[in-house]
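Visitor: pasting a predicted model and its sequence here:
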Amino acid sequence: MKISRRDFQTTLLSASAVAQAATQDTPSPAHKLALPAGPAVVAGGEPFDFPLPPSPRLRWKVTGLRRQYFMEWLPALFERTLVIEEWKTPQSQLLWIFTGPMGGFTVEAGAGKVRLFQRYDDSPALARFSPVKQARHPEAVVEESSVEYDGRLQSIAVMLDHRLTLRVALNGQESLVQHCHLDVNRHQLALAGEEGGFRGRLSPAAVETATVTVDPTTRYQQMIGWGGTTPPPAFAELSQEGKRAWWRKLVEYNLLLQREYPIGAQLNPEMTNWDRAPDASPHYYGDNFPNCETSDFAYNRRVRQLGGKVIFEFWELPVWARQRDSQGKITDIPKMPEYAKAMVRYCQVAKEKTGAPPEIVGVQNEVRQPPEIWQQMAVSLRQALDNGGFRDVKIHMHNPPTLAEGVAAVRAFDASMSSGAGTRKKKPPPRSMTTTSPLRVPSTSRQTRRNSAFFWAATFSSRPSPSIATAT
């Protein structure tokens, strides 16, 4: 299975990094680019040759352009280089075409100019934007840029990286940059211009060796397991055979961490409607069938019977557990006693209905709070759990909307705990704090990915040092 470049972006990068890449799109050229001498290139590779016709009377008679297809399947991230050994006439134009399931992009070179454009061809609705009327496969160009150059064009390099950036280098000099969401898997060359021709080769892909040194005596993080969120309405849609197949798959792939998507704002002050279906808040992703914020304790009990664990945290806190501002409006800042009481009450209900509390509770999911609020929430939660008889229930840090915010919160929390600010308790032992990282199911859009009935998650137990030692 090929991994999408979008998965690198959504799991490895913060939103600020993607935004930075988006600002690097190449502006319209104000002057010609003076090409440097072509860099030394690796010998070998796959040759290509578009010869001139032997006679003016002998021309290309097949419908469409002359083409050469490269047989390789491209990886998600790559760099490929064309070495141009001979450009036979200025009238010819080289098209380096990359294609994928949703569209592709083309590097068009000739007559002292290189143009880069991206196109989508995955919907009949694109017909209204297509320059070709009634095309069988309509497409629309969504982004293009170009650069004029002086000098001999000796090489063209194309790079797709993990920052969703598409780069084109001419003779080793970066010349065009665009933000690109497309995945491509094949590429080809085409000749435009009946009286033109060129010859060269596709340079072999560079292969690098990376060495990772692992010291088994040094411990950093311990992986607890894998799993995700199964919303009760989605599970209820399955037939009996479908449910049996579902459980078989969870066991087969060891996806036995059930992350609750619980009732939040609609939780009543008596805290008696955790699993009451009429009170479930629908959570919409576009026009898709909604996930609902509720619990299914019978499902959680089955997870445990199969050797799994349950993770609980609020997305949205109950209204009665949130503070009001000076104008009387509800804020996201919790009332610490009420917040801690609600967390402990879930543990009590879970124990009553499944035989055990959740193994892990989270501070809160995807809500922005000042670092000092996160610190207060974590300390209040730990104290309430201990006082309620749930000393073995671990806490994982809040799930921030971006990686950068999570790192900043951890640093602020560690700094405040080390200095003793805001609490008289000692810093909790490493076992009491865990972190979770959601890795969502690959899909073609962020909405669809988030609407999946199953959110993937890896959970790690923190160790004294958060760093990972590698050598390259």
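Guide: Right, received. Where do you want to start? Residues are numbered from 1 along each chain as shown.
Visitor: ranges for the helices of the protein?
Guide: 5-12, 15-22, 232-236, 240-252, 297-305, 336-354, 371-387, 403-419, 446-451 (DSSP state H).
Visitor: kindly reformat these as CSV containing distance to G172, mean pLDDT and mean neighbour count.
Guide: For the C-beta atoms, the positions are set from N, CA and C on the backbone; glycine is no exception. Converted to CSV, those look like this (distance: least, CB to CB, whole Å; pLDDT from 0 to 100; neighbours: other CB atoms under 10 Å):
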stretch, distance to G172, mean pLDDT, mean neighbour count
helix 5-12, 24, 54, 18
helix 15-22, 21, 45, 15
helix 232-236, 51, 89, 17
helix 240-252, 49, 96, 12
helix 297-305, 55, 97, 17
helix 336-354, 58, 97, 18
helix 371-387, 45, 91, 19
helix 403-419, 33, 74, 15
helix 446-451, 35, 34, 16
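Visitor: roughly how far apart are the closest residue to N273 other than its chain neighbours and A37?
Guide: Excluding its sequence neighbours, the residue lying closest to N273 (CB to CB, 6 or more residues apart in numbering) is D279, at 4.5 Å. From D279 across to A37, the span is 72 Å (CB to CB, to the nearest Å).
Visitor: who has more neighbours out of the two?
Guide: D279 (16 against 10; other CB atoms under 10 Å).
Visitor: now for that one: which residues touch it?
Guide: Shown in contact with D279 (CB atoms under 8 Å, 6 or more residues apart in numbering): I263, Q266, N268, N273, T294.
Visitor: reformat those residues as a markdown table; add pLDDT, distance to E316 and neighbour count.
Guide: A markdown table is the format used below for the contacts of D279 (pLDDT from 0 to 100; distance: CB to CB, whole Å; neighbours: other CB atoms under 10 Å):
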| residue | pLDDT | distance to E316 | neighbour count |
| --- | --- | --- | --- |
| I263 | 93 | 9 | 25 |
| Q266 | 93 | 9 | 16 |
| N268 | 96 | 14 | 14 |
| N273 | 96 | 15 | 16 |
| T294 | 93 | 13 | 23 |
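Visitor: of all those residues, which two lie farthest apart?
Guide: The span of the contacts of D279, defined through CB to CB, is set by N268 and T294 at 13.1 Å.
Visitor: ok, E139 to F129 distance?
Guide: Counting by CB to CB - E139 and F129 are separated by 8 Å.
Visitor: which ones are touching the closest residue to E108 other than its chain neighbours?
Guide: Distances taken as CB to CB, 6+ apart place R115 nearest to E108, at 4.4 Å, with adjacent residues excluded. Listed by CB under 8 Å, 6+ apart, the contact set of R115 reads V107, E108, A109, E144, S145, S146.
Visitor: with A321 instead?
Guide: Contacts of A321 by CB under 8 Å, 6+ apart are P334, K335, E338, Y339, K341, A342.
Visitor: the first one pairs with what?
Guide: I take that to be P334. P334 has these beta-bridge partners by DSSP bridges: R322.
Visitor: could you single out the nearest of the contacts of D279 to Y346?
Guide: I263 (9.6 Å).
Visitor: hang on, the closest one packs against H283?
Guide: No. Assessed by CB atoms under 8 Å, I263 is found out of contact with H283, at 11.0 Å.
Visitor: so what sits against both of the two?
Guide: Common neighbours of I263 and H283 (criterion: CB under 8 Å, 6+ apart): E293.
Visitor: of E139 and F129, who's got more company?
Guide: For E139 versus F129, neighbours defined as other CB under 10 Å are more numerous around E139 (19 against 13).
Visitor: so the more buried one touches A127, yeah?
Guide: No. In this structure, E139 is not within contact of A127 by CB under 8 Å, at 9.2 Å.
Visitor: residues near P278, how many?
Guide: With other CB under 10 Å as criterion, P278 counts 7.
Visitor: repeat for S130
Guide: Other residues close to S130 by other CB under 10 Å number 16.
Visitor: again with K309
Guide: K309: 20 neighbours (other CB under 10 Å).
Visitor: list the contacts of it.
Guide: When contacts are counted by CB under 8 Å, 6+ apart, K309 touches I224, G225, G227, L256, L257, Q258, V303, P358, E359, I360.
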